[in-house]
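>>> Sequence and computational prediction follow.
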Amino acid sequence: MADSVAVSGRSEAQRLPPAVREAIRCHQAEAQDPIAAFVYDLEALAARARSIKSALPEGVELYYAIKANSEAPVLGTLAPIVDGFELSSGGEIGRMRQVTSTLPWVLSGPGKLDTEMALAMDEGIEAFHVESLGEIARLERLAAARGRHQAVLIRINPTLPEALSSRLRMAGTATPFGIDEASLGEAVAAVDAAAHLTLVGFHIHAMSHQTSVARHQALLDGYLARWPEWRALAASPARVTQLNVGGGIGVDYMAPFEPERQFDWQALCTHLDARLKAMDQAPRVRFEIGRFLSAFCGYYAIEVLDTKHSHGQGFVVCRGGTHQFRLPAAQGHDHPVIHLPSGERGEASSGEKRPWTVVGQLCTPKDVLGRDRLLGDVAPGDLLVLPLAGAYGYNISHADFLCHPRPPQIFIGADRASSDTAR
């Protein structure tokens, strides 16, 4: 059965923040061609970041994983709120440096280049998350060449029960990420033997798209139960104080306007607080949140070019497509849409709602943003707005396919308004 994002007593347009709706309408009015654009509500982003941070137990840190959305206005909005940034490439170092040179930051991910690690040290990185014995050896050579003592966390690929799995497993199975728990002793010994490296903790990012609070609580419980034995492997356990538990908190894309259906962050934080207070020598826990922080601030607005029927199925052909907003295809879901009829027909969608497949401009049948979307009288010139587009939307997309122009990115709120052409 086709789903709907309708809320009783409210039109679709009314469910969009007024500033977002106004920005989309203004952009459409000023554009020569039908539009496809991203709009980011920075005030909403800041409010969400403050809410997430305020729920954390005392002493637990919030870093932003900038791979979710590394646009400068997004980073600039978050910089005064979060405790630091998690980066995964030399390019992300450059993005972060456009915004701040004072917040601490870490570098994660497999396949780090020597040039990236050297740049990170020269730019004052807080710590590396090392992923292999070979990377430990390379980092030691680079640190020695600079006469630098470098803090590191070892990324662990722990053994996990199948019951704690999520849609995208980053650990507990064969992956390129981290060092198997069975080999952790060897990795700790390698860091301890390196004259220019100091082990300060461990990093685990086991799951992505985690939507079950109970499973995530159990996951953190498992880490904390093993913390004493991991720490005891070090030659100087007293220096091993950090436990970076990654991110991986999922978003329910089918419920953009139903907060009660989203992951219960407060419940997770309350559970973690009790668990840490019950421990002797509890670690300093750090989260690296990406999607769960920035997804809610973004909207992808596309203008209807055509409607048609083929073999009994209705299609709405729109400007843009998955080359700009790859998230639905990458996630394997049919994204909710909000219908804004053209100005002369008013804001409310009229007529009997029927299922439509929303597609873009690409010459491939895979260019589908949503199937069986319930829409009223939809016509060329109307707008469809896809919410929850603030993370892993444009920045993971194959923007150069068919050489369409890249979409404008419009940033509103937080006492600023700007429009940037996407990189």
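Yes, it's here.
>>> going forward, measure contacts between C-alpha atoms and count neighbours the same way
OK.
>>> which residues of the stretch 301-423 of the chain fall in helices?
327-331 (DSSP state H, counting those that start in this stretch).
>>> Neighbours of F287, how many?
22 (other C-alpha atoms under 10 Å).
>>> Adjust the sequence numbering to begin at 69 for everything that follows.
Taking 69 as the first residue, the last one we looked at is F355.
>>> tell me the phi and psi of it?
phi -100, psi 150 (degrees, to the nearest 10).
>>> what's near enough to touch it?
V128, E129, L130, Y131, N312, V313, G314, G315 (C-alpha atoms under 8 Å, 6 or more residues apart in numbering).
>>> If you rank those residues by neighbours, which is first?
Result: Y131 is most packed of the contacts of F355 (other C-alpha under 10 Å), 27 neighbours.
>>> Return the list of helices and strands in contact with the helix or strand where that one lies.
Assigned by DSSP states H and E, Y131 belongs to strand 129-133. If you count contacts as 3 or more C-alpha pairs under 8 Å, 6 or more residues apart in numbering; DSSP states H and E, strand 129-133 packs onto strand 152-155, strand 352-357.
>>> With mean pLDDT and distance to C337 as extra columns, can I get those in a markdown table?
Output for the helices and strands packed on strand 129-133, formatted as a markdown table (pLDDT from 0 to 100; distance: least, C-alpha to C-alpha, whole Å):
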| stretch | mean pLDDT | distance to C337 |
| --- | --- | --- |
| strand 152-155 | 97 | 19 |
| strand 352-357 | 97 | 11 |
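>>> would you turn the ones you listed into CSV with distance to Q218?
Compiled in CSV, these are given as follows (distance: least, C-alpha to C-alpha, whole Å):
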stretch, distance to Q218
strand 152-155, 17
strand 352-357, 19
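>>> From the contacts of F355, pick the one nearest A115.
L130 (14.5 Å; C-alpha to C-alpha).
>>> Check the closest one and give its pLDDT.
pLDDT, L130: 98.
>>> Give me the neighbour count for G428.
27.
>>> hmm, back to that, alpha carbons of the strand holding Y131, as CSV, please.
Written as CSV, here are the backbone C-alpha positions of strand 129-133 (Å, rounded to 0.1, in the frame of the first residue of the first chain):
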residue,chain,number,x,y,z
GLU,A,129,31.5,14.2,23.7
LEU,A,130,29.8,14.9,20.5
TYR,A,131,31.8,15.0,17.3
TYR,A,132,30.3,15.6,13.9
ALA,A,133,31.2,13.1,11.1
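>>> Now find how far off-centre that strand is within its chain.
11 Å (C-alpha atoms, centre = their mean, to the nearest Å).
>>> Just list what the helix or strand following that strand packs against, helices and strands only.
As assigned by DSSP H and E, the chain's next helix or strand after strand 129-133 is helix 140-146. Packing partners of helix 140-146 (3+ C-alpha pairs under 8 Å, 6+ apart): helix 110-122, helix 158-165.
>>> what helices or strands is the longest one leaning on?
Okay, so that is helix 110-122. Short answer (3+ C-alpha pairs under 8 Å, 6+ apart): helix 110-122 packs on helix 140-146, helix 359-362, strand 476-480.
>>> now the helices for the stretch 169-318 of the chain?
182-190, 201-214, 252-261, 281-300.
>>> Would you indicate which residues of the second one are buried?
Same thing as helix 201-214. For helix 201-214, the buried set under the neighbour-count rule, 16 or more other C-alpha atoms under 10 Å, comprises L201, E203, I204, R206, L207, E208, R209, L210, A211, A212.
>>> Residues in contact with that helix: which ones?
By C-alpha under 8 Å, 6+ apart, helix 201-214 touches 180, 182, 185-186, 189, 198, 217-218, 255, 258-259, 262-265.
>>> Likewise for the last one?
Where contact means C-alpha under 8 Å, 6+ apart, the residues beyond helix 281-300 that reach it are 231-232, 252, 269, 278, 305, 308, 313, 331-333, 335-336, 339-340, 343, 351.
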